[in-house]
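**Q** dropping the sequence and predicted coords here.
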Amino acid sequence: MKLAKIALAGSVALGLLPAVSGTAAAHPVKDKTLTDNRLYSAGPLPDTDCRERRVKKADARSAKLYLNEVFACLTDAWTAELGQAGLKQSRVKLTYATKVPAKFCGAKWRKDDWAAYYCDASHTILIVLSKDLLEDPGDLYLFNLLAAKYGEHVQNRAGIYRAWVDLRYRSKAELAEQNRRYSLQADCFAGVSLRSVWKSLRRDREDWDDLLFYVRGWAGKNDGSRKSITYWANEGFKSGDPGACNTWSAPSSKVA
């Protein structure tokens with residue numbers, strides 16, 4: 001499986017960061033939209049049957065067919081979950097490119113080799129099916145890649161995205177921690193998504209452990225350490241419940 005980089009959620013990936021304010025919010029985070037979101041009390045995602053198509057090496061068409069199937073499964077599961085939380089689903093679009101675009105979501109694409117991006121304004125997920133990604137696509141890796149981006153859409157619908165953008169911070173270190181809380185929550189939501197379809201995938205524990213090995217490669221200052229990524233992905237997968245993904249109330253040590 002070829003490791004592909006994944007963009008940090010939403011605006012952070014394109015450098016559109018919240019502004020520094022002299023009236024910084026208390027640390028840790030106090031905003032109840034983040035710490036006590038109604039999504040957390042909606043219960044586990046319902047089990048969903050999901051078909052996995054075969055993904056062929058260097059074959060963008062088979063990758064698209066696979067991801068389209070995954071996208072439909074994610075939409076079914078999260079539409080029900082958002083409804084349970086009293087939140088409205090909105091149409092989310094999945095689109096593809098074979099190379100990174102010059103601009104996306106109203107800003108220049110970063111030079112880093114990002115594999116996926118969620119645009120909060122248009123509710124669009126872009127998956128870049130690059131030659132490197134398709135060299136050894138690893139179907140479950142593709143599943144998780146899309147699930148993490150869908151997790152950002154869920155954050156958007158739950159008001160988490162806007163609350164995160166509006167957070168004040170007192171230092172670059174505090175800003176980086178807020179970004180990690182956001183990114184790690186999307187990783188946790190991806191684990192929740194995988195749990196909801198796991199029975200139908202007929203996968204075993206070894207498949208999950210293999211996936212974690214590659215997901216740990218997403219570690220970074222704004223994404224979280226390898227240990228933190230592993231912890232939150234596992235929290236989502238073990239519970240299948242978005243309530244386990246409250247990174248905003250976690251101690252700093254859990255979002256390092």
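**A** Received it, and whenever you're ready, just let me know what you need.

**Q** does residue 237 touch residue 193 like I think?
**A** No. Between residue 237 and residue 193 there is no contact under C-beta atoms under 8 Å: 9.1 Å. Every C-beta, even on glycine, is put in place using the N, C-alpha and C of the backbone.

**Q** more neighbours: the two, which one.
**A** residue 193 (31 against 22; other C-beta atoms under 10 Å).

**Q** can you check the pLDDT for that one?
**A** Looking at residue 193, its pLDDT is 98.

**Q** give me the spatial nearest neighbour of the residue most central in space within the chain, chain neighbours excluded.
**A** By C-alpha atoms, centre = their mean, the chain has its centre lying nearest to residue 148, at 2.4 Å. Spatial nearest neighbour of residue 148, chain neighbours left out: residue 190 (4.2 Å); criterion: C-beta to C-beta, 6 or more residues apart in numbering.

**Q** does that neighbour count as helix, strand or coil?
**A** helix (DSSP: H, G, I helix; E, B strand; the rest coil).

**Q** quick one: the strands in the stretch 1-150 of the chain?
**A** Secondary structure of the stretch 1-150 of the chain (DSSP state E, counting those that start in this stretch): strands at 93-97, 103-104, 107-108, 116-119, 124-128.

**Q** just those strands: most buried one?
**A** strand 116-119 (a mean of 24; mean count of other C-beta atoms under 10 Å).

**Q** tell me the strands beside that strand, with direction?
**A** strand 124-128 (antiparallel) (DSSP bridges).

**Q** next, the angle strand 93-97 makes with the strand it pairs with.
**A** 20 degrees (axes from the mean of the first three to the mean of the last three C-alpha atoms, to 10 degrees).

**Q** ok, residues contacting strand 124-128?
**A** Defining contact as C-beta atoms under 8 Å, 6 or more residues apart in numbering, one finds that strand 124-128 is touched by 67, 71, 92-101, 104-105, 114-119, 145-146, 149-150, 153.

**Q** restricting to C-alpha, output stretch 38-55 in CSV.
**A** Below are the C-alpha coordinates for stretch 38-55, written out as CSV (Å, rounded to 0.1, in the frame of the first residue of the first chain):
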residue,chain,number,x,y,z
ARG,A,38,-25.7,16.9,20.3
LEU,A,39,-24.1,14.5,17.8
TYR,A,40,-22.2,13.0,20.7
SER,A,41,-25.5,11.8,22.3
ALA,A,42,-27.0,10.3,19.1
GLY,A,43,-25.7,6.8,19.8
PRO,A,44,-23.7,4.5,17.6
LEU,A,45,-24.0,4.5,13.9
PRO,A,46,-26.4,1.9,12.6
ASP,A,47,-24.9,-1.2,11.0
THR,A,48,-24.8,-0.8,7.2
ASP,A,49,-24.2,-3.4,4.5
CYS,A,50,-21.4,-2.2,2.3
ARG,A,51,-20.0,-3.9,-0.8
GLU,A,52,-16.3,-3.7,-1.6
ARG,A,53,-15.4,-3.8,-5.2
ARG,A,54,-11.9,-4.9,-6.3
VAL,A,55,-9.4,-2.1,-6.9
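
**Q** so which residues make contact with it?
**A** Taking C-beta under 8 Å, 6+ apart as the rule, stretch 38-55 contacts 62-63, 65-66, 69-70, 73, 76-78, 80-82, 84-87, 137-139, 142-143, 154, 158, 160, 192-193, 195-197, 199-201, 239-243, 245-246.

**Q** if you count neighbours, what's buried in it?
**A** For stretch 38-55, burial by neighbour count (16 or more other C-beta atoms under 10 Å) applies to 39, 40, 42, 44, 45, 48, 50, 52, 55.

**Q** lowest pLDDT pick from these?
**A** Taking the buried residues of stretch 38-55 together, the minimum pLDDT is found at residue 52 (90).

**Q** coming back round to it: just the buried subset of the contacts of stretch 38-55, written out for PyMOL, thanks.
**A** In PyMOL, this line selects whichever of these come out buried by 16+ other C-beta under 10 Å:
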select buried, resi 62+63+66+70+73+76+77+78+80+81+82+84+85+87+137+138+139+142+143+154+158+160+192+193+195+196+197+201+239+240+241+242+245+246
